[in-house]
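K.L.:
coords please:
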Amino acid sequence: MFTKTDRKVLFKSPPTVFTDKLISQEARRSKALEEQKRRRAQKFESSRQLDAFADLNLGNSDDDGDLEDEPEIIREGVSGFVQMVSQPLETPSLSSDAHNDEIVQSAKRRGKPRRKRIKAKASKWADKCMYAELLEMNEEAHLWDDQSGDVIDGLPRDLEAAWVAVAPVPTGKRCLAVTHQSTGIVGISPNTTLRSRVLGKMLLPRFPSSLPPLTVLDCILDANWRDNGIIHVLDVLKWKGQDVGDCETPFRFWWRDTRLAELPKPPLPSGKFSFTAPCTTADTSSHNAGSSSSMPTSERERYRFPYPTSFVPIPYHTDTTLTSLSSFVIPMARSTREISVDIPVHVSPPEFTLHDMAVDGTHDSVASRSTTSVIARVDSDGLLLYVSHASYEEGTSPLSCWIPNKAITERPELSSSSEGHDSPLDVFQRLVQRRTVKNLHVVPGLQDSMDI
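P.N.:
Numbering: from 1, shown residues only. This is a model prediction of the structure:
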């Protein structure tokens, strides 16, 4: 068993440390792809319902009617009359006194009835996210190693042709956004819940959104969602009850961007605005109360979103050539993304006269809800790689690889002071550059041999 310190050391470590160190990530990836192909073919065959036609036949031939009908011989035994015979009464094997003694002894053995422990039922949304493995890279491998058949540096063989990159991946909490059937107006009636990745527990109370019913999205709740109201959409499992998870990765991302772009603009949160101070901890409450008058008005009246309102897709890149990775994707995975969001501002309600109040809609409370567009800066957490031909898979899967842009230290609480350590993204960039140099040297050699 791992101690508490060991669990901190193994934070964000590759899952192979728990399963099998002898199996490479490339081998597990190939096995997972073959398993997906087998399940897909089996599902396709079952949908054809060939078993329903297995017992069908063409019936008797017309030539059978010319044959003379032979008398049918009934062959029955006496087994059908056995039930009609009355059964003899069974004599008790034990006397009444012995029977009573046995009942008393069994009652003593039972003793006081124990209360059964009711085990909590696991949520159906537990462990439904496709959780990526940390990409296992080996920078110590020599550039001109003769083992060309093996992937010695850890990068996939078909990185340039069969993968999709997702960057920049924002910092936040991984969750599932699930919508339900609601009888109210879309965008006003609460119809969306957020479920945690591991246990499937509800992170927030049900809130309204513009998403259609029976939709399941793989999301990342922004670390500062209280300030910007953003929830990042990583992948899509279902849309209006249609199962999209069985489709390939590029189609799922295209479907995600297309459908989210068609949604109407999210309405403002209903009810009263919650303008609160940025610091709400109990330790500093008394200090804030005394110094609130000296704080700027923008800090004292900063808006706090009660629930996420903006579903923003994370950019994906189908061009994963070595040149594109070095010049575009990896720099984007290091950069801070800027997203424009609408945030309500505190506006004091105007004074109305008796003549204005007589006109319908003049003193509507919605009229006092003014918004302003601000730029929300979202920090990047790294880069994700998905196999193009793979479908969505629940749980931890080698079909998706994670490359963080922060160094993984043995003590996560000291991650801020680990500036001298190289991050996995730095190692990935060097390996990509090394493979680029190798390809530049190999291609001219092949051209010279062809000319000869």
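
K.L.:
rest of the way, CA atoms for contacts and neighbours
P.N.:
Fine.

K.L.:
I'd assumed residue 139 was in contact with residue 431.
P.N.:
Yes - using CA atoms under 8 Å, residue 431 is in contact with residue 139, at 6.9 Å.

K.L.:
okay, these two: which has more neighbours?
P.N.:
Taking other CA atoms under 10 Å, residue 431 and residue 139 do not tie; residue 431 has more neighbours (20 against 15).

K.L.:
check contacts around the nearest residue to residue 340 once chain neighbours are set aside.
P.N.:
The spatially closest residue to residue 340, leaving aside those adjacent along the chain, is residue 375, at 4.6 Å (CA to CA, 6 or more residues apart in numbering). By CA atoms under 8 Å, 6 or more residues apart in numbering, the contact set of residue 375 is 338, 339, 340, 341.

K.L.:
settle this for me: residue 166 is touching residue 317, isn't it.
P.N.:
Yes - in this structure, residue 166 is within contact of residue 317 by CA under 8 Å, at 6.2 Å.

K.L.:
who's more crowded, the two?
P.N.:
For residue 166 versus residue 317, neighbours defined as other CA under 10 Å are more numerous around residue 166 (21 against 17).

K.L.:
and the closest residue to residue 230 other than its chain neighbours, how many residues sit next to it?
P.N.:
The spatial neighbour of residue 230 that comes closest, neighbours along the chain excluded (CA to CA, 6+ apart), is residue 310 at 4.9 Å. For residue 310, the neighbour count with other CA under 10 Å is 20.

K.L.:
per-residue confidence at residue 394?
P.N.:
pLDDT, residue 394: 92.

K.L.:
next, count neighbours for it.
P.N.:
When neighbours are counted by other CA under 10 Å, residue 394 registers 13.

K.L.:
pretty sure it is touching residue 130, no?
P.N.:
Yes - between residue 394 and residue 130 there is a contact at 4.8 Å, judged by CA under 8 Å.

K.L.:
for the closest residue to residue 264 other than its chain neighbours, grab phi and psi.
P.N.:
Once flanking residues are discounted, residue 264 sits nearest to residue 210: 6.6 Å by CA to CA, 6+ apart. Backbone torsions of residue 210, given as degrees, to the nearest 10, read phi -90, psi 0.

K.L.:
ok now do residue 210, which residues does it touch?
P.N.:
Residues near residue 210 by CA under 8 Å, 6+ apart: 186, 187, 263, 264, 265, 266.

K.L.:
could you measure from the first one over to residue 263?
P.N.:
This means residue 186. Distance of residue 186 to residue 263, computed by CA to CA, to the nearest Å: 11 Å.

K.L.:
give me the common contacts of the two.
P.N.:
Common neighbours of residue 186 and residue 263, using CA under 8 Å, 6+ apart, are 210, 211.

K.L.:
quick one: which of those two has more around it?
P.N.:
Between residue 186 and residue 263, counted using other CA under 10 Å, residue 186 has the larger neighbour count: 18 against 13.

K.L.:
give me the spatial nearest neighbour of residue 427, chain neighbours excluded.
P.N.:
Nearest one to residue 427, counting by CA to CA, 6+ apart, is residue 139 at 7.0 Å.

K.L.:
and the one you found, which helix or strand is it part of?
P.N.:
Per DSSP states H and E, residue 139 falls between elements, in no helix or strand.

K.L.:
ditto for residue 30
P.N.:
Element membership for residue 30, per DSSP H and E: helix 25-48.

K.L.:
now that helix: average pLDDT?
P.N.:
The predicted model assigns helix 25-48 a mean pLDDT of 87.

K.L.:
all helices of the protein, in order?
P.N.:
With DSSP state H, the ranges of helices along the chain come out as 4-9, 25-48, 96-110, 225-228, 249-262, 285-291, 297-300, 322-324, 330-334, 354-358, 424-451.

K.L.:
show me which residues of the fifth one are buried.
P.N.:
To tie it back to what came earlier, the one meant is helix 249-262. Neighbour-count burial for helix 249-262 flags 249, 250, 252, 253, 255, 256, 257 (criterion: 16 or more other CA atoms under 10 Å).

K.L.:
same list, these, but as JSON lines with pLDDT and distance to residue 330 please.
P.N.:
Listed next are these as JSON lines, based on pLDDT from 0 to 100; distance: CA to CA, whole Å:
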{"residue": "249", "pLDDT": "95", "distance to residue 330": "20"}
{"residue": "250", "pLDDT": "96", "distance to residue 330": "19"}
{"residue": "252", "pLDDT": "96", "distance to residue 330": "22"}
{"residue": "253", "pLDDT": "97", "distance to residue 330": "19"}
{"residue": "255", "pLDDT": "96", "distance to residue 330": "24"}
{"residue": "256", "pLDDT": "97", "distance to residue 330": "23"}
{"residue": "257", "pLDDT": "96", "distance to residue 330": "22"}
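
K.L.:
show me the shaky parts of the protein.
P.N.:
In the predicted model, the chain carries pLDDT under 70 at residues 1-22, 49-119, 141-151, 270-301, 346-369, 409-420, 441-452.
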